[in-house]
Every structure is written in structure tokens, then in C-alpha cells.
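Engineer: sequence and predicted structure, then a few things I'm wondering about:
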Amino acid sequence: MRQLIESCSQDIEDHTNVIARIKINLGIDRDLEAEILIAIDEYNIAVCRDLADRGLAKLPRELRDMVYVYLVPDKVRIFVEPSESQIPHVQREGFTESQPYFTASPCTGNDYLCSEHYWRDEALGVDMARELKESFYRNPAFSIEPACFSRGMEGFESPSLEFLTQNDRFGSGIEPQKLISKLSYRLAICGDDSLSSTQLSDWRNMILNFMKELFMLKDRAVVILRIFLSDHWDLDRDTRSVERLMDLIFPDLLRLRRAKRRVTVAPGHRWWDPEEKAVLAQWLKRVEDEA
């Protein structure tokens, strides 16, 4: 042992070398770091399960739901690339990278949104874990943002809401459309007067199909349609575009309001001129009056 200490002391500043020498001399061939991480993981799961069992036994569902609010994201931003695959990605607040919204391993360390121990069945128990997953849909504000817009809308299709409302990212049999209560959607205005009749027809059908999908959401759901104008600003053309869009969506907007969906329309960025905002305000007042 004295020889071991003397040998190690010669390069005591090299901790990796010291540990390696000790393991060799003591006949230890173990990955201590990996074992420590496994032990920490097991400890975290045990603590989560203990707290979950006590909470499930003592707290009514209303109070548990209040706790879940602090465990789920405040906002889920979903970007959809303008491609054939239309794969939705998510980006967390304060981060620049994005990851697919759907993952092959939900509620694990590979899950970009829900990687913590408390998302897992073995940590919370199946019942409480399901309640937390339901809270994931019920509490955050979901923001769907097409990755880019083209002036003539060529090569771009507005993403269907079905990927969000009809598919449970956790694979737990949850129906998101019955839970989602807050949704923001970026809607592009078709502002190019040079579009062909076919292109205009496609754009109209795309918008109308989207409006019909909003009826899948639960009663009292809050929906904000953020209207985005062309990158190439032109007052007369963009004012006509606002009028054309509001004419198009007015019947469905009115039906949604009467069906207890709290749908509003708001300007996105690049709304510089008061005339454009006045057109939008006038249409929204008409919706309020008739609803």
C-alpha cells in the first residue's frame, strides 16, 4: 500500500491517472461513474414515487391539477417546415435548437419536452403519470408557426391541426382535442394580386379547411389567429388582402363564436399602417355584434 501511495503521489495532479492506478492495484474493474449515475437515477425515481403515492392518497384531483401546472411548459412552440413531410418541431424557451414534436421514446432522457423522472410511470405510478400528461395538453399555450411564408404561397401548405389534436405524443390513448384550451396560429395572407385563379382557389380551400378544423377543439377553447402580411409591403394590396381574408373566414368565424370557441384575430408583425388595422378592427366588431 505504501508503494501504491508513493507511486500515485508522483502524479497526484492527474486525478484520472491516480484513480486508474488505484483500481488496477486493488483489482477493481468497474465503471464507478456509471454506477453512481444509476444509483442517483434509482434514488430520484424512489423519491418521486413516494411523493406521488402520498399526493394521490391525500390530495383531491383539483389540487393535484394545481401542482401539475408547475411541471408542464407554459408554452409549446411548434414549427412546421414547408416540405412534403411537414414534420412538426418544437423549440423550448431560451433555446435555439429544435427537436421533433413526436419522439420514439417519450418521457425519457431523449424526450426534448418531457425528459424529467416525474413524467415516467415507474416514478409517479400509471394514474398520476396520466394526469400529468393530460395537464400537458390542458395548460400550455400551443403556438403553431409555419417555418416560412412565400409571397405567392407556392410550395407551402398550411399544416393541418390533426397532427396536434388527433395524435397523443405520449402514446397513452389521450385525446388532445378534448383537452387543448389555448392555441395560437400564424395565418399567412395571400397578398399577391398576380396569382392565378387556381392558386387563389387553393389558398381559399386551405384556409377554409383550417377553419373547419377549429371545431375539433373543446368548448371555451381560446384561439388566436395571428395574421401575417407579405414581406413586400404595399398598403393598397395588403389592405385588399385583409378584406379578402376576413370576407373568406367571416362565416366560419361567426359559427365558431356561436359554438363557444373563443376565436379572435390579431395582427402579426409588419402591420405598420393604421388603415390595415382599422379594416381588421371593423370586421372583428361585426363578428362581435352578430355573435
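Structural biologist: Everything's here; your move.

Engineer: can you give me the strands for this structure?
Structural biologist: 75-80, 88-91, 99-100, 141-146, 182-188, 222-228, 262-267 (DSSP state E).

Engineer: dump these to JSON lines, plus distance to Ser135, mean pLDDT and mean neighbour count.
Structural biologist: Where C-beta positions appear, they are placed from N, C-alpha and C, glycine not excepted. Converted to JSON lines, these look like this (distance: least, CB to CB, whole Å; pLDDT from 0 to 100; neighbours: other CB atoms under 10 Å):
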{"stretch": "strand 75-80", "distance to Ser135": "12", "mean pLDDT": "87", "mean neighbour count": "19"}
{"stretch": "strand 88-91", "distance to Ser135": "17", "mean pLDDT": "83", "mean neighbour count": "18"}
{"stretch": "strand 99-100", "distance to Ser135": "21", "mean pLDDT": "87", "mean neighbour count": "14"}
{"stretch": "strand 141-146", "distance to Ser135": "13", "mean pLDDT": "86", "mean neighbour count": "19"}
{"stretch": "strand 182-188", "distance to Ser135": "13", "mean pLDDT": "85", "mean neighbour count": "20"}
{"stretch": "strand 222-228", "distance to Ser135": "17", "mean pLDDT": "85", "mean neighbour count": "18"}
{"stretch": "strand 262-267", "distance to Ser135": "20", "mean pLDDT": "84", "mean neighbour count": "17"}
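
Engineer: OK, contacts around the residue nearest to Met246 when sequence neighbours are not counted?
Structural biologist: Nearest residue to Met246, sequence neighbours excluded (CB to CB, 6 or more residues apart in numbering): Trp283, at 4.1 Å. Remark: with contacts taken as CB atoms under 8 Å, 6 or more residues apart in numbering, Trp283 is in contact with Glu243, Met246, Phe250, Val265.

Engineer: ok, the residues you listed vs Ala259, which is closest?
Structural biologist: The closest of the contacts of Trp283 to Ala259 turns out to be Phe250 (CB to CB; 14.8 Å).

Engineer: confirm for me that Arg261 is in contact with Ala221.
Structural biologist: Yes - using CB atoms under 8 Å, Arg261 makes contact with Ala221 at a distance of 5.4 Å.

Engineer: got a pLDDT number for the residue nearest to Met246?
Structural biologist: At Trp283, the pLDDT value in this model is 78.

Engineer: can you check the one 5 residues further on too?
Structural biologist: Here the pLDDT value assigned to Glu288 is 80.

Engineer: now do the phi/psi pair for the closest residue in space to Ser115 that isn't next to it in sequence.
Structural biologist: In space, and not counting its chain neighbours, Ser115 is closest to Gly109: 5.2 Å by CB to CB, 6+ apart. Gly109 has phi and psi values of phi -60, psi -20 when expressed as degrees, to the nearest 10.

Engineer: tell me the spacing between Gly109 and Asn44.
Structural biologist: Distance, Gly109 to Asn44, by CB to CB, to the nearest Å: 12 Å.

Engineer: ok, those two, which is more surrounded?
Structural biologist: More crowded of Gly109 and Asn44, by other CB atoms under 10 Å: Asn44, with 14 against 9.

Engineer: quick one: contacts for the more buried one?
Structural biologist: Counted by CB under 8 Å, 6+ apart, Asn44 has contacts His117, Ala123.

Engineer: model confidence for it, exactly?
Structural biologist: Reported pLDDT for Asn44: 85.

Engineer: could you measure from it over to Arg120?
Structural biologist: Taking CB to CB as the measure, Asn44 falls 10 Å from Arg120.

Engineer: could you dump the strands of the chain to a markdown table with distance to Cys48?
Structural biologist: Formatted as a markdown table, the strands of the chain follow (distance: least, CB to CB, whole Å):
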| stretch | distance to Cys48 |
| --- | --- |
| strand 75-80 | 23 |
| strand 88-91 | 24 |
| strand 99-100 | 24 |
| strand 141-146 | 26 |
| strand 182-188 | 28 |
| strand 222-228 | 32 |
| strand 262-267 | 36 |
